[in-house]
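Novice: Let me see the structure of the following:
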Amino acid sequence: MRIHDLTAHPMRYVTIAELAEYWAVSCQQIYKRIDSGALEAIQLGSRLYRVRTTTALEYERRVRVVPDYASEQKTDELPRTDRRAACAESNMRPT
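Specialist: Residues are numbered from 1 along each chain as shown. The predicted structure is shown next:
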């Protein structure tokens, strides 16, 4: 699910790929924040992570992340970013 506004996101958790796309960073950057303890995440399997939406919002406020949605063009067809493709829909952690 593509995140347009994290404050209005209906799901309790977001994937690493969704968060990376929303913040316009690589999945690896999200994993670095998780590993450093700066961003709390839950691990559901050996390579499957989720971040609580409320945790992502708090992190956003704390470090002043500017979401990428503000710069998106308003079109019917939104381009798929390389970051999203790199993370893949499976949300597997890079090794």
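
Novice: Just to check, residue 52 is in contact with residue 13?
Specialist: Yes - proximity of residue 52 to residue 13 meets the contact threshold set by C-beta atoms under 8 Å, at 5.8 Å. Any C-beta I mention is one placed from the backbone N, CA and C, and that applies to glycine too.

Novice: what residues do those two have in common as contacts?
Specialist: Shared contacts of residue 52 and residue 13 (C-beta atoms under 8 Å, 6 or more residues apart in numbering): residue 42.

Novice: Correct me if wrong: residue 55 contacts residue 39.
Specialist: Yes - the pair residue 55 / residue 39 is scored as a contact, 7.1 Å apart, by C-beta under 8 Å.

Novice: Of those two, which one has the most company?
Specialist: The neighbour comparison of residue 55 against residue 39 (other C-beta atoms under 10 Å) goes to residue 39, with 22 against 16.

Novice: From what I see, the more buried one and residue 57 are in contact.
Specialist: No - when contacts are counted by C-beta under 8 Å, residue 39 is not listed as touching residue 57 (11.5 Å).

Novice: any low-confidence regions in this structure?
Specialist: Scanning the chain for pLDDT under 70 picks out the ranges 65-95.

Novice: rerun at 80
Specialist: Within the chain, the ranges that satisfy pLDDT under 80 run 1, 64-95.

Novice: Who is residue 43 paired with across the strands?
Specialist: residue 49 (DSSP bridges).

Novice: Look up how far residue 4 lies from it.
Specialist: 27 Å (C-beta to C-beta, to the nearest Å).

Novice: Helix, strand, or coil at residue 51?
Specialist: strand (DSSP: H, G, I helix; E, B strand; the rest coil).

Novice: Which positions in stretch 49-66 come out as buried?
Specialist: Using 16 or more other C-beta atoms under 10 Å as the test for burial, stretch 49-66 gives 49-51, 53, 55-56, 59-60, 65.

Novice: Would you reformat those residues as CSV and include distance to residue 20?
Specialist: Below are the buried residues of stretch 49-66 laid out as CSV (distance: C-beta to C-beta, whole Å):
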residue, distance to residue 20
49, 11
50, 13
51, 10
53, 15
55, 15
56, 11
59, 13
60, 13
65, 11
